[in-house]
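In: Provided below for reference: sequence and predicted model.
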Amino acid sequence: MNHKYRVFFLLILMLVPSLSWADVITIKADAPQKYVVQKGDTLWDISRMYLDKPWLWPELWRTNTHIQNPHLIYPGDELNLIKNAQGDLVLSLVRETAKAEIKLTPQGTKTEKTPTAIPALPWSTIKPFIENDQIMQTMEYNGLPQILGNQDGAVMFATSNITLSKATWSASGDLRVLRKQNDIFDMNGNFVGVQVRHVADAKVIDSSLDKQSLIKIEQASYEVKRGDKLAPTEENQPTVIELSAADTQRGFIIDDLEQHSLLGKFNVVIIDLGANAVSLGTVMGIYAQGPAIIDEEQPKYVGENNALASAFSLNENIIQPALKVGELVVFKVFDKASYALITRSSTVISRGAIVANP
C-alpha cells in the first residue's frame, strides 16, 4: 500500500471514536411487544430491552405528543410497540390515572406521596458514590473548617460524640464530615482534583461560641478524626437523568473508586471530562487502543525487548486503531472530572481507556 494512503487510512481509523454519524433507530428483534414497568426497573434496562443504543430512547416516543418527558416512566405503565402512520415502529404508553398515596401521621395529619418515576440507572449501585465521594479543588477543600477535638482529648470520634469545630454555623445546620482520600491526575500527570470521602453526618448543637461551634457526630460510617473537614449537607440523589449521546467530546478513564486495576460492568470510574464537557446522563463509548507496532522484518511493539533500539528505529511505527469495548453513563459531574457507571463491557477495562461518542 502506498505510504501516503496508509497514513491516511490509519488516521481515519484513529478518528473513528470522535466522528459522529446520524444514528438509526433499530428495534431489537426480540423486543417485547408489550411490557408493564415493574418496581425496581431502571430506564437503562428497559431501553436496552428495545434498543442496542439505549440513549436513543426518546426517539421511540416521537409520535406520542402527550409524553412530555420520555425519561419519566412509572411502575404500572404499559409500553406497547406499534406502527405509526409512516410504518415505523414506535412506543405507545398506557398509563392509569396517577393516584397519590395518602398516609396518616400519628397526629392524624394526612400527607400525600406522589408516584416516583423509575431511576435511569441502578440506584443501589451508584448510591454509595453519590453519597460518600466527590472531587473538589484543593483551595475549596482546604478552605473548609475543620474538627478541632473534644473535652476528653480524644483523637477519634464516633456517633453521638460531641466535638469542637473551627467555624460558627447556623444552629439548625446539618453538616457532612469530609476527609481527603487522594489526589487525582489525568493521563498527562496534570492535577485534576482532590478525591474526598463523606465519613459521617453531623449537627450543630451550640453556635454561640466565638468563632467555633459544638458539633454532634451522627451516623458515622468511619471514625471521625481531628482535622476532618465540615461542609453543609447537600441533596445527594440526582434529579431526573436524561440520556444523551456524547458527540465530539473525547477523554480518558483516569481512575476508579473501588481500587480495581481491571474494570467491567457496573464499576464506577472517573473520567477527565468536567461540567463544561458532559452532563448527567451523557452516554459515552469506551475504546481500547493497543500499543504502537514497529513495522520491520520481525514486527514488534514499541517498548518490547530493546526499548532503546526501538526508539531509534528507522522503520515506521504503526498506530493501532481504538476499538470499542464498552459504554458508560455519567451520573455525577464536577469541575474538571466526572463519575460514570460502566453499563457494558466486552472485555476488561483499565485506566487509560478512551471515552468518546458511543
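Out: Now that the structure is in, tell me what you want to look at.
In: And what about residue 47, helix, strand or coil?
Out: For residue 47, the assignment made with DSSP: H, G, I helix; E, B strand; the rest coil gives helix.
In: Find the nearest non-adjacent residue to it, please.
Out: Once flanking residues are discounted, residue 47 sits nearest to residue 54: 3.4 Å by Cβ to Cβ, 6 or more residues apart in numbering. In short, each C-beta sits where N, CA and C put it, glycine included.
In: How about residue 43?
Out: residue 120 is the one closest to residue 43 (Cβ to Cβ, 6+ apart), at 4.4 Å.
In: and the one you found, what does it touch?
Out: Going by Cβ atoms under 8 Å, 6 or more residues apart in numbering, residue 120 touches 42, 43, 44, 71, 240, 241, 242, 243, 281, 329.
In: same check, this time on residue 234
Out: By Cβ under 8 Å, 6+ apart, the neighbours of residue 234 are residue 176.
In: picking that back up, so the residue nearest to residue 47 sits against residue 281, correct?
Out: No: taking contacts as Cβ atoms under 8 Å, residue 54 lies outside contact range of residue 281: 10.9 Å.
In: so what sits against both of these two?
Out: Common neighbours of residue 54 and residue 281 (Cβ under 8 Å, 6+ apart) are residue 243.
In: what about residue 134, helix or strand, and which?
Out: Residue 134 is part of strand 133-136 when elements are defined by DSSP states H and E.
In: Give me the mean pLDDT for the following helix or strand past that strand.
Out: Per DSSP H and E, the first helix or strand lying C-terminal to strand 133-136 is helix 138-142. The average pLDDT within helix 138-142 is 94.
In: Same check on stretch 226-244?
Out: 83.
In: Can you give me the distance of residue 175 to residue 233?
Out: Distance of residue 175 to residue 233, computed by Cβ to Cβ, to the nearest Å: 6 Å.
In: same check, this time on residue 321
Out: Using Cβ to Cβ, residue 321 is found at 47 Å from residue 233.
In: can you check residue 129 too?
Out: 17 Å.
In: Looking at those two, which one has more neighbours?
Out: residue 129 (16 against 13; other Cβ atoms under 10 Å).
In: Once you drop chain neighbours, what's closest to the more buried one?
Out: Looking at residue 129 with Cβ to Cβ, 6+ apart, the closest residue is residue 268, at 5.1 Å.
In: quick one, what contacts residue 235?
Out: So residue 235 contacts nothing (Cβ under 8 Å, 6+ apart).
In: 10 Å - rerun?
Out: Applying Cβ atoms under 10 Å, 6 or more residues apart in numbering to residue 235 gives the contacts residue 130.
In: do the same with residue 57
Out: Residue 57 makes contact with 25, 43-44, 46-48, 50-51, 70-71, 73, 91, 120, 242-244 under the criterion Cβ under 10 Å, 6+ apart.
In: Check the gap between the residue of the chain most remote from its centre and residue 39 for me.
Out: The C-alpha centroid of the chain is most remote from residue 297, which lies 45.3 Å away (Cα atoms, centre = their mean). Applying Cβ to Cβ, one obtains 64 Å for the distance of residue 297 from residue 39.
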